[in-house]
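S.K.: Show me the folded form of this:
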Amino acid sequence: MKKIILTTAALLAAALSFQSFADEKRAAMDVRDDGRSLTITSGDKPVLTYNYAVTPAKEGVRAVYARSGYIHPAYTPSGFIYTNIQPADHPHHYGIWNPWTRVEYEGKVYDLWNLGDSLGCVRAKKIEKIYRDGESAGFNAVLEHVVFAPKGEKVIMNENWIVRARETEGGFEWDFESVLRPCTDKPLTIKEYRYEGFGLRATDKWTRDNCTMMTSAGNTRQSIDFSRGDWIYVNGSAEGTKAGILIMSCPENFNSPELLRIWDENANDGRGDVFVNFCPTKDRDWVLESGQQYTLKYRVIASDEHFTPERAAQNFKDYAYARPVDAVKIGNRIDISIDGEFFTSYRCYDDEKYPFFFPVNGPSSGASVTSMRNSLWPHHTSLFFGCDLVNGGNYWQEGLERGRIISFGAEIVETGTDKVVIEDRCIWKRPGAEPPFKDSRKITVTSPCKDIYQLDFDIVMEALEDVKIRKTNHSLFSARIADDLTVKQGGVMVNNFGDKGEQATFGVNASWMGFYGERKTGTEGIVIMQHPSNRWYPSKWFTRDYGFMSPTPMWWPEDGEATYLKKGEIIPLRYRVIIHKGTPEEAGIQALFDKYTKE
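M.R.: Numbering: from 1, shown residues only. Predicted coordinates:
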């Protein structure tokens with residue numbers, strides 16, 4: 001009994017002394033308010049400015065061209081400004097803005113785009129909310145759509161702009177969401193017209209001589225106008241700077257994929273200035289009923305790098321098909337669903353060796369791509385993290401008295417958005433011995449598109465004493481694969497070099513490894529990626545045709561005998577698991593890995 005009490009005390013002491021380990025992060029995102037505008041920043045770099053105060057018309061231009069409620073300036077990470085306002089040729093152009101040109105209300109048609117006609121306008125009303133979470137920042141702004149009716153001005157529709165920005169490896173990425181709400185007891189109709197809605201007037205430094213365009217449909221500048229597209233990419237060079245702007249339209253938008261309005265090379269008397277407009281009403285009317293709301297969504301990526309069509313397409317795929325992810329905690333288990341369908345459970349049971357995920361269901365079949373336990377290898381528990389031969393303990397194979405990785409209680413820190421985030425803290429413990437490690441775990445679950453489920457593991461280990469890990473093939477992150485995906489059952493095991501099967505992949509320093517095979521719903525598979533920041537990267541892989549894969553550095557120690565860690569040593573480890581439809585090639589696994597290396 002005394003030994004048990006001391007062990008419990010040691011466990012509690014370890015829990016109390018546990019400290020979280022800070023991940024290296026990008027510059028913090030913020031929003032600054034100067035009394036006239038909001039500027040989203042990434043560290044000391046501006047991303048974009050939303051102007052809620054009225055900007056007067058330029059000298060010599062009629063006062064009716066004054067306006068509020070628009071974005072300018074907008075920047076690439078190098079500081080290049082790619083927007084333009086109040087150009088002499090079109091003084092009603094305001095950077096990035098979202099008015100409508102033909103709005104029918106009570107039998108009369110109003111123009112809220114061309115301010116010079118004095119038929120209507122859009123005005124900023126208030127800032128409803130500002131968002132800051134370190135990794136992203138933004139705002140929710142309210143605007144009013146005003147018509148100049150015969151009996152005076154009248155607000156016929158309210159609009160919310162929900163803008164949230166972040167800095168990614170590709171540049172500044174920001175989401176724009178417009179929520180339209182007719183606010184009288186009468187409907188209104190946005191009439192068919194060649195330009196209206198989400199528009200960009202680009203810098204006057206881009207002309208026909210130094211600017212190109214392409215779309216998702218493969219069209220270039222000469223053929224884009226009146227074509228449909230999921231995205232449009234504008235690339236220009238000026239003042240020694242090359243910059244590109246990718247604008248993507250959400251597939252949920254009205255009349256998607258939307259028609260595009262752009263200026264070709266002959267615009268503005270042959271200057272070829274840049275104007276881009278996603279126009280959902282270019283070929284049809286859109287009736288907006290009283291008391292209802294209507295949403296349009298876009299994503300903009302502003303970069304100092306050139307985007308290939310393939311890269312633009314991948315960004316659109318990442319944007320357009322991310323799906324809601326939810327989690328619920330039930331006792332010592334967290335269940336995770338994607339778009340309402342059960343995906344996986346994180347299990348931290350008192351009678352288990354370590355926390356693990358099972359099942360891990362595929363996006364098309366709904367069946368698990370992992371398995372757990374069989375008569376030959378009962379210690380293979382789906383998707384798990386552990387290690388054998390650690391200071392005489394065994395934190396991998398069966399036998400709880402030989403050592404356990406004990407969760408202090410996993411918690412859901414984010415759910416109900418496009419991701420679930422779980423945080424857990426664990427102590428490595430066995431009776432009669434001091435714990436060799438404690439670790440913190442951040443697990444992020446996403447579905448970037450309908451054909452991919454993704455789990456990101458950020459694990460930080462700390463040695464609580466000098467540690468010796470004898471040479472072992474049982475170490476760290478591992479997956480036991482479902483029988484129907486194994487090589488033994490006709491599946492394929494492959495790494496990033498294209499090596500296939502146990503004989504070709506065992507002991508290879510590969511960046512990623514996966515299994516895939518045919519199921520009733522088609523091909524499906526699972527891939528484990530090692531992040532380049534990991535110690536021992538790229539670890540050699542321990543692979544088995546019967547369905548096992550693990551990047552296993554402890555099987556190949558530097559001295560051939562053991563791996564040694566000093567007390568207090570910190571070991572951060574990152575892994576990404578992708579469950580995908582199709583083969584790794586069809587799922588674009590290498591491109592996804594390349595993206596992961598920059599995160």
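
S.K.: okay, now the domains of this protein?
M.R.: According to automatic domain parsing, the chain comprises the domains 29-320, 323-597.

S.K.: Is it possible to get TSV of the ones you listed that adds mean pLDDT?
M.R.: Converted to TSV, those look like this (pLDDT from 0 to 100):
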stretch	mean pLDDT
domain 29-320	95
domain 323-597	94
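
S.K.: okay, those in TSV with mean neighbour count next?
M.R.: Just so you know, the C-beta spots here come from the backbone N, C-alpha and C atoms, and that holds for glycine as well. As requested, those are arranged in TSV below (neighbours: other Cβ atoms under 10 Å):
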stretch	mean neighbour count
domain 29-320	18
domain 323-597	19
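
S.K.: show me what contacts the closest residue in space to residue 271 that isn't next to it in sequence?
M.R.: The shortest distance from residue 271 to any non-neighbouring residue, by Cβ to Cβ, 6 or more residues apart in numbering, is to residue 207 (5.3 Å). Contacts for residue 207 (Cβ atoms under 8 Å, 6 or more residues apart in numbering) come out as 271-274.

S.K.: let's see 10 Å
M.R.: Neighbouring residues of residue 207 by Cβ atoms under 10 Å, 6 or more residues apart in numbering: 236, 238, 265, 267-268, 270-274.

S.K.: possible to save the residues you listed as JSON lines with distance to residue 211 and secondary structure?
M.R.: Formatted as JSON lines, the contacts of residue 207 follow (distance: Cβ to Cβ, whole Å; DSSP: H, G, I helix; E, B strand; the rest coil):
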{"residue": "236", "distance to residue 211": "4", "secondary structure": "strand"}
{"residue": "238", "distance to residue 211": "9", "secondary structure": "strand"}
{"residue": "265", "distance to residue 211": "9", "secondary structure": "coil"}
{"residue": "267", "distance to residue 211": "11", "secondary structure": "helix"}
{"residue": "268", "distance to residue 211": "13", "secondary structure": "helix"}
{"residue": "270", "distance to residue 211": "14", "secondary structure": "helix"}
{"residue": "271", "distance to residue 211": "11", "secondary structure": "coil"}
{"residue": "272", "distance to residue 211": "7", "secondary structure": "coil"}
{"residue": "273", "distance to residue 211": "9", "secondary structure": "coil"}
{"residue": "274", "distance to residue 211": "6", "secondary structure": "coil"}
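
S.K.: can you list these in JSON lines and add distance to residue 555?
M.R.: Formatted as JSON lines, the contacts of residue 207 follow (distance: Cβ to Cβ, whole Å):
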{"residue": "236", "distance to residue 555": "52"}
{"residue": "238", "distance to residue 555": "55"}
{"residue": "265", "distance to residue 555": "61"}
{"residue": "267", "distance to residue 555": "64"}
{"residue": "268", "distance to residue 555": "66"}
{"residue": "270", "distance to residue 555": "68"}
{"residue": "271", "distance to residue 555": "65"}
{"residue": "272", "distance to residue 555": "61"}
{"residue": "273", "distance to residue 555": "62"}
{"residue": "274", "distance to residue 555": "56"}
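
S.K.: and which of those is nearest to residue 595?
M.R.: Nearest to residue 595, judged by Cβ to Cβ, of these is residue 236 at 24.5 Å.

S.K.: residue contacts, the closest one?
M.R.: Listed by Cβ under 10 Å, 6+ apart, the contact set of residue 236 reads 80, 82, 202-203, 205-207, 209-213, 242-245, 274.

S.K.: Repeat that for residue 194.
M.R.: Contact analysis of residue 194 by Cβ under 10 Å, 6+ apart lists 101-102, 225-226, 259, 261, 277, 279, 281-283.

S.K.: Give me the next element, helix or strand, following the lengthiest strand in the chain.
M.R.: Longest strand in the chain by number of residues (criterion: DSSP state E): strand 152-168. Beyond strand 152-168 on the C-terminal side, the first helix or strand identified by DSSP states H and E is strand 171-182.

S.K.: what lines up beside that next one in the sheet?
M.R.: strand 152-168 (antiparallel), strand 294-303 (antiparallel) (DSSP bridges).

S.K.: Can you give the distance of that strand from its chain's centre?
M.R.: The chain centre lies 16 Å from the centre of strand 171-182; the measure is Cα atoms, centre = their mean, to the nearest Å.

S.K.: For that strand, list the C-alpha coordinates in PDB.
M.R.: What follows is strand 171-182, C-alpha atoms only, in PDB (Å, rounded to 0.1, in the frame of the first residue of the first chain):
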ATOM      1  CA  GLY A 171       1.400  35.100 -48.500                       C
ATOM      2  CA  PHE A 172      -1.400  37.000 -46.900                       C
ATOM      3  CA  GLU A 173      -4.600  35.000 -47.000                       C
ATOM      4  CA  TRP A 174      -7.900  36.600 -46.100                       C
ATOM      5  CA  ASP A 175     -11.600  35.500 -46.200                       C
ATOM      6  CA  PHE A 176     -14.300  37.900 -47.200                       C
ATOM      7  CA  GLU A 177     -17.900  37.000 -46.400                       C
ATOM      8  CA  SER A 178     -20.800  39.300 -47.400                       C
ATOM      9  CA  VAL A 179     -24.100  38.600 -45.700                       C
ATOM     10  CA  LEU A 180     -27.000  40.500 -47.400                       C
ATOM     11  CA  ARG A 181     -30.300  41.200 -45.500                       C
ATOM     12  CA  PRO A 182     -33.100  43.100 -47.100                       C
END
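
S.K.: can you pull the contacts of the nearest residue to residue 180 once chain neighbours are set aside?
M.R.: Nearest residue to residue 180, sequence neighbours excluded (Cβ to Cβ, 6+ apart): residue 294, at 4.6 Å. Shown in contact with residue 294 (Cβ under 10 Å, 6+ apart): 157, 159, 178-182, 190, 253-254, 286-288.

S.K.: Now tabulate the residues you listed in TSV and tack on distance to residue 487.
M.R.: Shown next, in TSV, are those (distance: Cβ to Cβ, whole Å):
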residue	distance to residue 487
157	60
159	56
178	51
179	51
180	54
181	57
182	60
190	57
253	44
254	48
286	54
287	57
288	57
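
S.K.: what are the phi and psi values for the closest residue to residue 57 other than its chain neighbours?
M.R.: The shortest distance from residue 57 to any non-neighbouring residue, by Cβ to Cβ, 6+ apart, is to residue 65 (3.9 Å). Dihedral pair for residue 65: phi -80, psi 0, per degrees, to the nearest 10.

S.K.: Before I go, just wanted to say thanks for your time.
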